[in-house]
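Colleague: Here is the input, now give the coordinates:
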Amino acid sequence: MGRGLILRLFLQFLSEKWTSVYPKVYHLTPDKMSWADALTYCRTHHTDLALIQSTEENRAANNSYGYWIGLIRSTGKWSDNRTVAFTAWSHELSGRKIYHEPFCAAENVHNTWEVFSCQERRPFYCQGNTLYTGTSSALL
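Modeller: As a prediction, this is how the structure comes out:
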């Protein structure tokens, strides 16, 4: 490996943001993509768009405004087709039906979710799993 490639990989590693809630890890991806393109990216490089299923996971995936998560508001399902049990809609959206399609969900800085057109280009959270082996861990 050339020095330039090693340096580029090291700088990419430093610029990436990871957070975890066992057994999940969330990767904040600053590249802006439509929801569908973000889903494809996450499924290719990680596991899926972030599937947030608890208050603890919601807090872990916070700190940035408008990052896609794996929820389509208009279907009420996660990107892996599971029904949504936990929600964190902003007060303006709580309980309100969305009749225009398609609308996808994004995390905001207040630990609540907003909806945007799925065609908008936004940064996004990918999800992966961790494998703990003794005192070390590896990303899957």
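Colleague: what are the ranges of the helices in the chain?
Modeller: 3-15, 35-45, 55-60 (DSSP state H).
Colleague: Return the member of those having the minimum mean pLDDT.
Modeller: Of all the helices of the chain, helix 3-15 carries the lowest average pLDDT, namely a mean of 49.
Colleague: Settle this for me: Gln127 is touching Trp68, isn't it.
Modeller: No: under the contact definition of Cβ atoms under 8 Å, Gln127 does not touch Trp68, with a separation of 11.5 Å. All C-beta spots, glycine's among them, are computed from the backbone N, C-alpha and C.
Colleague: The two - which one has more neighbours?
Modeller: Using other Cβ atoms under 10 Å, the more surrounded residue of Gln127 and Trp68 is Trp68, with 31 against 22.
Colleague: Report the beta-bridge partners for the nearest residue to that one once chain neighbours are set aside.
Modeller: Leaving aside its chain neighbours, Trp68 sits nearest to Phe124 (3.7 Å; criterion: Cβ to Cβ, 6 or more residues apart in numbering). Phe124 has these beta-bridge partners by DSSP bridges: Thr29, Trp68.
Colleague: List the contacts of Phe124.
Modeller: Applying Cβ atoms under 8 Å, 6 or more residues apart in numbering to Phe124 gives the contacts Thr29, Asp31, Met33, Trp35, Ala38, Tyr41, Cys42, Leu49, Ala50, Tyr67, Trp68, Ile69.
Colleague: Between the residues you listed, which sits nearest His110?
Modeller: Set against His110, the nearest of the contacts of Phe124 by Cβ to Cβ is Tyr67 (13.1 Å).
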